[in-house]
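Peer 1: sequence? don't have it. structure:
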Ligand code: GUN
Ligand code: ZN
């Protein structure tokens with residue numbers, strides 16, 4: 001079983017159940033060399049928090065002693081580890097040495113016989129230098145072997161590890177992933193053939209490969225980045241949807257005297273100060289490390305490296321929980337110029353990333369540099385304002401050059417707004433770091449919930465906006481004198497404008513009009529801020545104080561349902577589920593028949609039965625494709641059921 005517990009975009013914290021216990025992902029699997037245990041697996045679990053390990057079945061099979069022992073006692077006893085163990089197949093050895101002394105059936109059966117929890121097929125390693133024909137052939141063979149494996153072991157308790165190959169041909173990667181994803185088995189999905197990309201710091205290619213594989217795989221998981229063991233790429237890989245890593249690099253690096261950090265690697269010979277305080281480094285000087293015997297040094301540095309990997313994974317989980325993973329990735333990408341190149345890809349692929357992008361997050365969006373403006377969270381609202389937003393009035397438009405330390409902006413412009421609205425109704429536009437923002441949107445994520453350097457503005461985008469909307473009559477606010485020529489007898493109301501605009505942004509074009517079509521009234525808090533929206537004496541919407549969006553009351557939901565045709569905004573459930581949802585219970589993936597493709601995690605959703613009768617209102621937890629794919633887990637958190 002694989003279940004999403006927390007998420008941020010494609011990044012996810014999941015529980016992954018195996019025959020030897022449950023793993024919480026993202027997880028790193030230390031690679032255990034069965035010939036030479038640098039750190040005993042038990043210690044890895046107790047002292048480092050390793051939940052799952054990986055070892056190589058081919059290496060075991062080739063040694064008579066290990067082979068007999070593993071077959072007799074089982075892998076878990078041989079390694080003295082009672083948690084989940086994954087085994088690899090010899091593919092990497094075939095890549096390094098040109099061939100291996102086994103075949104697909106034999107090595108899979110051997111893994112099964114020694115009691116591995118996750119058995120890897122003998123996939124064909126695709127190299128960056130391979131030509132397209134060769135890659136096609138290798139992908140075809142790999143998928144064939146995956147099919148054979150599913151045929152043989154698909155119904156057993158053991159998980160299959162079915163790698164996605166395809167080198168750097170993104171179309172082939174996507175097709176390969178699609179082919180693998182169609183197979184019906186309990187599986188882990190490694191992205192294979194990426195070690196040479198890692199070794200050459202070809203992170204841009206790596207990012208493209210991950211994205212292409214994810215496109216083909218859909219929400220299936222866990223996704224394992226095969227052979228990726230440097231903590232500097234973990235956060236990026238998790239952001240793009242990877243769940244598991246394996247690493248033998250902690251030892252390989254240690255043998256060379258290389259200390260790993262999430263920001264890069266430092267050689268002992270270039271180390272003048274010990275900058276880590278982990279139990280391996282604490283109290284030791286550079287001279288201590290240089291003077292000690294090689295085995296001791298390798299062991300200590302390997303343990304330091306392992307700790308850095310596990311700490312980085314915990315940091316990533318913390319960031320997923322509080323909604324700050326993008327910031328972490330942006331900081332990490334500044335650790336190395338080749339990692340920085342990945343921005344190009346994140347920018348280019350924002351539409352794909354946006355499909356999983358939540359409408360808001362717990363923590364504010366923090367500007368870490370120019371690239372922050374290319375995040376899907378920013379792009380989405382920018383595009384909407386530029387392409388979808390309709391100014392309310394013919395003229396005039398007032399433009400305010402706002403300050404970043406005065407947010408939400410409208411609360412620092414109350415006097416100005418009231419003076420303007422006494423004399424006229426007008427559109428109020430803000431010149432902000434992300435470009436033009438209508439005043440009515442200024443409380444929503446990420447406009448209010450963001451921190452940019454003071455004085456930053458994108459005036460080019462403002463000009464583009466004015467041209468696009470055909471606004472000639474612009475009054476740049478310059479104190480009360482700006483009002484001298486304005487007086488047309490009408491008066492403005494920001495609250496009404498806000499309901500219209502936020503609803504149109506949140507629910508779609510036209511929502512703002514239908515939700516304000518009648519006697520509109522507001523319930524406000526002591527500070528004068530709108531809490532509830534009342535239409536014709538019905539409470540239709542509440543304002544979420546933390547991100548400015550609306551939660552739907554059932555009366556508001558009914559209005560939207562009448563206005564928008566199915567399947568828009570809807571999650572359709574089967575009859576059994578409908579009964580429960582009417583009582584206010586959450587919607588589980590298994591019972592969902594269909595989901596509107598515009599709904600994103602965190603969106604308000606109308607839960608309807610087969611006949612489009614509304615049974616409840618709630619908030620999306622999963623993305624559409626996840627709901628349709630998973631058999632377990634909550635899909636929509638129900639807020640209000642509608643009893644018959
Ligand atoms: N180890 C590192 N890369 C790979 C890969 O692509 N396939 C397998 N089976 N093992 C690997
Ligand atoms: Zn250390």
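Peer 2: On my side now, so go ahead. Owing to the predicted nature of the structure, the values given are computational and were not obtained by experimental measurement. Ligands and ions are numbered 1, 2, ... in the order given.

Peer 1: which of the residues in stretch 77-92 are buried?
Peer 2: Across stretch 77-92, burial judged by 16 or more other Cβ atoms under 10 Å covers 78-79, 81, 83-92. No exception for glycine: its C-beta is placed from N, CA and C like everyone else's.

Peer 1: near ligand 1 too, which of the residues you listed?
Peer 2: 88-89, 91-92 (Cβ under 6 Å from any ligand atom).

Peer 1: can you map out the strands along the stretch 401-550 of the chain?
Peer 2: Remark: strands assigned in the stretch 401-550 of the chain by DSSP state E, counting those that start in this stretch are 427-432, 435-438, 450-451, 474-476, 520-524, 530-535, 538-543, 550-552.

Peer 1: how is this structure partitioned into domains?
Peer 2: Segmentation of the chain into domains, based on automatic domain parsing, reads 2-351, 365-485, 493-564, 566-644.

Peer 1: quick one: end-to-end distance for the last one.
Peer 2: Its first and final residues considered, domain 566-644 spans 21 Å by Cα to Cα, to the nearest Å.

Peer 1: can you give the distance of it from its chain's centre?
Peer 2: The chain centre lies 22 Å from the centre of domain 566-644; the measure is Cα atoms, centre = their mean, to the nearest Å.

Peer 1: what's the answer for the shortest one, then?
Peer 2: Between the mean C-alpha location of domain 493-564 and the chain-wide mean there is a distance of 30 Å, by Cα atoms, centre = their mean.

Peer 1: nearest to ligand 2: which residue in the stretch 401-550 of the chain?
Peer 2: Nearest residue of the stretch 401-550 of the chain to ligand 2, counting by Cβ to the ion: residue 451, 31.8 Å away.

Peer 1: now do the helix or strand harbouring residue 188: which elements does it pack against?
Peer 2: Using DSSP states H and E, residue 188 sits within strand 187-191. With contacts taken as 3 or more Cβ pairs under 8 Å, 6 or more residues apart in numbering; DSSP states H and E, strand 187-191 sits against strand 159-161, helix 170-181, helix 203-217, strand 223-225.

Peer 1: that strand versus helix 203-217: what angle between them?
Peer 2: For strand 187-191 against helix 203-217, the angle by axes from the mean of the first three to the mean of the last three Cα atoms, to 10 degrees is 150 degrees.

Peer 1: give me the next element, helix or strand, following strand 187-191.
Peer 2: Heading towards the C-terminus - elements assigned by DSSP H and E - strand 187-191 is followed by helix 195-199.

Peer 1: okay, buried residues for that next one please.
Peer 2: 195-198.

Peer 1: could you dump the residues you listed into a markdown table with pLDDT added?
Peer 2: Listed next are these as a markdown table, based on pLDDT from 0 to 100:
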| residue | pLDDT |
| --- | --- |
| 195 | 96 |
| 196 | 97 |
| 197 | 97 |
| 198 | 95 |
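
Peer 1: just put those residues in a markdown table and tack on distance to ligand 2.
Peer 2: A markdown table is the format used below for these (distance: Cβ to the ion, whole Å):
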| residue | distance to ligand 2 |
| --- | --- |
| 195 | 25 |
| 196 | 28 |
| 197 | 27 |
| 198 | 22 |
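
Peer 1: the closest residue to ligand 2 within the stretch 101-250 of the chain: which element?
Peer 2: Nearest to ligand 2 in the stretch 101-250 of the chain, going by Cβ to the ion, is residue 250, at a distance of 11.7 Å. According to DSSP H and E, residue 250 maps onto helix 249-255.

Peer 1: and the next helix or strand past that helix?
Peer 2: Past helix 249-255, the next helix or strand by DSSP H and E is strand 258-261.
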